[in-house]
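Colleague: turn this into a model:
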Amino acid sequence: MGVPFEALIPYGIMLAFFGVSGAGLSKIKNMQNGGKRPRHSVDQWDRQMMDRDRRLTGYLRGQTDQAVAPAGFELSNGWRVEKRVL
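Modeller: Okay, here's the model as predicted:
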């Protein structure tokens, strides 16, 4: 006696939802990274350069080939400064 196909419908629905959610998460990560693949094992240097790129271009993963920084970049300081206590 075979398995009725009605018993396999819930498994098909679960498989479809796992596929849709995986594709959706992949697309969201891709959009957040400016169309580039997500980065793994990001160290302090990479974070610093990505923050610099964000301040230059407005995107975390954006890069520019301009030799001169845009106007206003001199005021966009990446250093985190503590307040003086006297």
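
Colleague: any low-confidence regions in the protein?
Modeller: Within the chain, the segments meeting pLDDT under 70 span 1, 72, 74-86.

Colleague: now the longest helix belonging to the chain: buried residues?
Modeller: Identified as the longest helix of the chain according to DSSP state H is helix 9-32. The neighbour-count check on helix 9-32 (16 or more other CB atoms under 10 Å) flags nothing as buried. Any C-beta I mention is one placed from the backbone N, CA and C, and that applies to glycine too.

Colleague: tell me how far the helix or strand just after it is from the chain's mean position?
Modeller: Toward the C-terminal end, the helix or strand that comes next after helix 9-32 (DSSP states H and E) is helix 44-57. Distance, stretch centre to chain centre, for helix 44-57: 13 Å (CA atoms, centre = their mean, to the nearest Å).

Colleague: going forward can the numbers begin at 18, since that is how I track them
Modeller: Sure thing, new numbering starts at 18, so read that last one as helix 61-74.

Colleague: could I get helix 61-74 in CSV with only the CA atoms?
Modeller: The C-alpha trace of helix 61-74 is given here as CSV (Å, rounded to 0.1, in the frame of the first residue of the first chain):
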residue,chain,number,x,y,z
GLN,A,61,39.2,46.0,13.1
TRP,A,62,41.0,47.2,10.0
ASP,A,63,38.2,46.1,7.7
ARG,A,64,35.7,47.9,9.9
GLN,A,65,37.8,51.0,9.9
MET,A,66,38.0,51.0,6.1
MET,A,67,34.3,50.2,5.7
ASP,A,68,33.5,53.2,8.0
ARG,A,69,35.8,55.4,5.9
ASP,A,70,34.1,54.2,2.7
ARG,A,71,30.7,54.9,4.3
ARG,A,72,31.7,58.5,5.2
LEU,A,73,33.1,59.0,1.6
THR,A,74,30.3,57.5,-0.4
